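**Student:** following is a predicted model, sequence given first.
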Amino acid sequence: MTQTSPPGWHPDPGHTGIGPLHERWWDGNRWTDHLRVPPAAVRRRRMRVGAGITVGAVVLAAVGGGLFLLSDRSGDPKRDAATGPSAAPSGAPGGGGREGGGRGEDGVPGQGRPQVEDGYATDLLSGIGLPVPDGWKGQSGIGGAGVTTGEYPCPGDTSEQCVRGGVFSMPAKSLKLDTTTAKATAAQDISANAEESYGEKIYGGITSHEQLKSEPVTVAGRQGYLVRWKVVTKNGDNGYVQSLAFPSPRSEDTMIVVRSGFDIDPKAPPLSVMDDITKGIKAASGARSGPGTTV
């Protein structure tokens, strides 16, 4: 942009070509730290999560808990030029319009963005990191994070690729869940998690389920709750699904849901890995955490 260019949203000059292109606010003199997903790029579609999620869905943006791949732009001179938020007119970030409200780059009032850490998939909005086990793939994102392993042709649609195991985080409000308590959130989410992981044409639907766990836990220093089911499908592998809910380390008022889904198959990760990932969830670097960080 030139010094004569008017303030407004423009393609992010620091984009590396990895992940979706965001828009950055130009205040008329410099690039600010305010980012947004271009309105035309927002997809209002449901995304399967858990073991039954297709690989293509992992890398696409979705409003309801989808992942935005995040590139590490440290050292990029164009990115570094955005040294901090600046005043913006109404309708711009930090102004009084629809886009604003004094929010930081990730939309959280008054807080900077947590750092992406090696060995973790970072959910920037929620301020948590999911541990990435050896041999797994991790995706950090603005509106969620995920770790997956073991791609294979989906049993109900071999043109799609499924994963043997997956764990994904997202804000509970994106799923329109009851967020009065962590228990209420997890208990409400588990059936939807199971259906989206192992239902529909991919697995032919769920014929029955057994509840394996329903208990309080402490995650990233917050008091949460998890519910775990074993599900029996009509086609393909049966599976384990888990819905974990807890307040964000960044804000007690923001409830996070972490959905897990593992196939029950010799090629799938053992159920103990689900426990290990749950225990390893931490507050992301730069995000607040409460006392204690273990389950």
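**Tutor:** Now that the structure is in, tell me what you want to look at.
**Student:** tell me which stretches of the stretch 51-200 of the chain form strands.
**Tutor:** Assigned by DSSP state E, counting those that start in this stretch, the strands in the stretch 51-200 of the chain fall at 120-123, 128-131, 137-139, 145-154, 157-171.
**Student:** got TSV for those, with distance to Gly28 too?
**Tutor:** Using the backbone N, CA and C atoms, a C-beta is placed for each residue, glycine as well. TSV is the format used below for the strands of the stretch 51-200 of the chain (distance: least, CB to CB, whole Å):
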stretch	distance to Gly28
strand 120-123	32
strand 128-131	36
strand 137-139	35
strand 145-154	34
strand 157-171	33
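**Student:** with mean neighbour count, mean pLDDT and distance to Pro216 added, can I get those in TSV?
**Tutor:** What follows is the strands of the stretch 51-200 of the chain, written out as TSV (neighbours: other CB atoms under 10 Å; pLDDT from 0 to 100; distance: least, CB to CB, whole Å):
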stretch	mean neighbour count	mean pLDDT	distance to Pro216
strand 120-123	27	92	22
strand 128-131	26	96	18
strand 137-139	19	91	27
strand 145-154	21	88	23
strand 157-171	22	89	19
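**Student:** of all those, which one is nearest Val257?
**Tutor:** strand 157-171 (5.6 Å; CB to CB).
**Student:** what about Glu200, neighbour count?
**Tutor:** For Glu200, the neighbour count with other CB atoms under 10 Å is 15.
**Student:** okay, now the domains of this protein?
**Tutor:** 1-42+73-114, 46-70+116-295 (automatic domain parsing).
**Student:** worst mean pLDDT among these?
**Tutor:** Of all the domains of the chain, domain 1-42+73-114 carries the lowest average pLDDT, namely a mean of 52.
**Student:** quick one: closest of the strands of the stretch 51-200 of the chain to Gln223.
**Tutor:** Across the strands of the stretch 51-200 of the chain, closest to Gln223 is strand 128-131 (CB to CB), at 14.5 Å.
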